[in-house]
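Trainee: Would you be able to build a 3D model of this:
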Amino acid sequence: MDVGYRLLGIDHTWIRRSLGRLGLLLLAVHTVPVAAQAPGQDWLDQKMGSWYRTASRAAPGHWGIAVADQDGQVLWSLNLDDPLIPASTVKVFTTGFARSVLGGTARRPTRVVGAGALDPSTGAWIGSWGLELNGDPSFERGPGAGPTLYDLALQLASSGIRKLTGPLNVQTTEGAADAVYPSVWSRHHFGRLFAPLIGPITLNENLVWVVVQPGARPGARPRLSEESPEGIGELITVKATTRSGRRSSLALRPRPGGGWIVTGAIGVRARARRLAAVAPDPKIVLGAAWTRALQKTGITWNPSSFIGAPPSSAPRVLAEVSSPPLDSLASEINRRSLNYGAELLLQWAGGRETPASRLMQHVQQVTGSATGLELVDGSGLSYDDRVTARTFIEYLAKFPATPEGRNFSQLLPANGTGTLYRLASGLPSEGVVRAKTGTLAQVANVVGYLGRDDGVLLIALLYNGSRPWAARKAEWTLFRQLGAHGVAIPSDTLPESLLPHLGGEAESDFVPAWKTDSADPTIETETDTALPADSASPSQKN
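Mentor: Model prediction:
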């Protein structure tokens, strides 16, 4: 062979070295981790089988599981058509339904309306007036977090109004101006922070909270240093005491006739404590907050009945603010798993009479199937909801293919954020997973998207059983295993201008039509430890 090499003019030593380098190259290619290559069915079967054997031992119960490709082709499943309690994963459907009906840019208005005229000499509004609330989930949550009553009062003041007369009249564009506890929710949840009253009268998520500071010395009365909404301090009586030491035991209890009482004791050296409660009558809270907003803008309000001839003019808008766009609301509702927010989205899109029925019709229309689905609310807090893993997979695959579903996955929390905060580790980057959790006393579900370099996987993990915490831990493990070499899920690339406009208006500075006719964290929160397990952080619950 050496002679042959020499006849060809090629050095045999160079050939041996070249073959050696080729062998090392082939070995390197052969030993690339299997998970970094496109997974085949055998790879997925092995991963899923091994994972489920471990998960079912740690969390015995009723599992419904499906893993599919981006087109919805099921690659691995277990109990695919078994109806299970979905919990907060219902919010996936509610988000899509609201987007389909209203469009991602839609906004919810809140207004001051009135019939009458401004007396330019006194600044008095002569006539009737009222607040129109329509169930904006972001309303009155503080500066920068959404529109406020102060914004409305400031518009009135800038238009020349200095005096209002007449009791607070609250109205809405549809149905009764109220807020009620949904009949399909368990009474066990009544009064808990994750289950406030639902309806057009919504401010500060229909919760109240105060920050309590210890008094200057033992025996002194503690004081309120913060409150939300602003003005509720007038509804709160502090009966707690300051004691020596650092220990605290405080409670915010409802007061007969409205308002709250702070009871218990706080240590003189203790940190400030934040106490929160559900508002049992949001209209009382609205009255106190509206009073404070008017005071801050220099408007006096006499709640006595207006005396004078009824105004002959038709009601008109005196001031108006709007919510952030629906997509922004939906993103936050999913990230924090806000039950009240999901119910308000459902009523906004489906009306107040039978919105859950319309939600079901939407899901059935998208999936093309009338089976595997029973929904009675939009948040998933009801134990009467039922969904199959197949239904979730079909919806996740088909809804993004509609014009209304553009960038749908981006409305779900990314790993490491919101209710997926425990997935901050074990994945290459934020955005590899976009999913929604669902958690109740015996429910632990995760439904959503997992990005890989060979395509996006659709995953539905439903667990109903006695060990939801163990099930959730196993679910996170699976996402880490399947997404170990994942990539961030991309946004859609189709220009928005090519999609049909679905409603909503661009934000603009509001100027009342009648004006032209006129003359001119460091605080510790005490929480209910019995809250469901869906949480955006260890102290925030679903």
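Trainee: ok, now how distant is Ser100 from Leu345?
Mentor: 12 Å (Cβ to Cβ, to the nearest Å). The C-beta positions use only the backbone N, C-alpha and C, and glycine is treated the same way.
Trainee: of the two, who's got more company?
Mentor: Counted by other Cβ atoms under 10 Å, Ser100 and Leu345 do not tie: Leu345 has more neighbours, with 30 against 18.
Trainee: Surely the more buried one is in contact with Thr94?
Mentor: Yes: using Cβ atoms under 8 Å, Leu345 is in contact with Thr94, at 5.6 Å.
Trainee: Is Ala276 located within a strand, as I assumed?
Mentor: Yes: assessed by DSSP: H, G, I helix; E, B strand; the rest coil, Ala276 belongs to a strand.
Trainee: contacting residues for Ala157?
Mentor: Contacts for Ala157 were tallied using Cβ atoms under 8 Å, 6 or more residues apart in numbering; they are Thr297, Gly298, Ile299.
Trainee: Which element, helix or strand, includes it?
Mentor: helix 149-158 (DSSP states H and E).
Trainee: Could you give the average pLDDT over that helix?
Mentor: The average pLDDT within helix 149-158 is 97.
Trainee: go on, stretch 178-196?
Mentor: Computed over stretch 178-196, the average pLDDT equals 96.
Trainee: tell me how far the ends of it are from each other?
Mentor: Taking Cα to Cα, to the nearest Å, stretch 178-196 runs 13 Å from one end to the other.
Trainee: which helices and strands sit right next to the strand or helix carrying Gln361?
Mentor: Per DSSP H and E, Gln361 falls inside helix 355-367. Packing partners of helix 355-367 (3 or more Cβ pairs under 8 Å, 6 or more residues apart in numbering; DSSP states H and E): helix 90-102, helix 339-350, strand 373-374, helix 389-398.
Trainee: does the nearest residue to Val432 once chain neighbours are set aside have beta-bridge partners, and which?
Mentor: Nearest non-adjacent residue to Val432, counting by Cβ to Cβ, 6 or more residues apart in numbering: Gly486, 3.9 Å away. Bridge pairing for Gly486 (DSSP bridges) gives the partners Arg452.
Trainee: any idea how far Ala474 is from Gly486?
Mentor: 18 Å.
Trainee: Restricted to helices, list the contacts of Ala157.
Mentor: If you go by DSSP state H, the contacts of Ala157 have nothing in helices.
Trainee: So the residue nearest the centre of the chain versus Gly72, what's the distance?
Mentor: For the chain, the residue nearest the mean C-alpha position is Ile333 (1.1 Å; Cα atoms, centre = their mean). Distance check for Ile333 against Gly72: by Cβ to Cβ, it reads 25 Å.
Trainee: contacts for stretch 216-223?
Mentor: Applying Cβ under 8 Å, 6+ apart, the contact partners of stretch 216-223 are 212-215, 238, 240-244, 262, 266, 268.
Trainee: let me fix that: stretch 288-295
Mentor: With Cβ under 8 Å, 6+ apart as the test, stretch 288-295 has contacts from 131, 140, 148-150, 152-153, 164, 168, 203-204, 229-232, 234-235, 300-301.
Trainee: now, which of the contacts of Ala157 sits nearest Val433?
Mentor: Thr297 (45.8 Å; Cβ to Cβ).
Trainee: remind me which residues of the chain are low pLDDT?
Mentor: Low-confidence segments of the chain (pLDDT under 70): 1-39, 306-312, 492-542.
Trainee: ok, 90 please
Mentor: For the chain, residues meeting the criterion pLDDT under 90 lie at 1-41, 141-145, 174-175, 256-258, 304-314, 454, 490-542.
Trainee: ok, Gly380 - contacts?
Mentor: With Cβ under 8 Å, 6+ apart, Gly380 has these contacts: Pro86, Ala87, Ser88, Thr89, Val90, Lys91, Asn339, Ala342, Gly438.
Trainee: mind checking the end-to-end distance for stretch 402-415?
Mentor: Termini of stretch 402-415 sit 25 Å apart (Cα to Cα).
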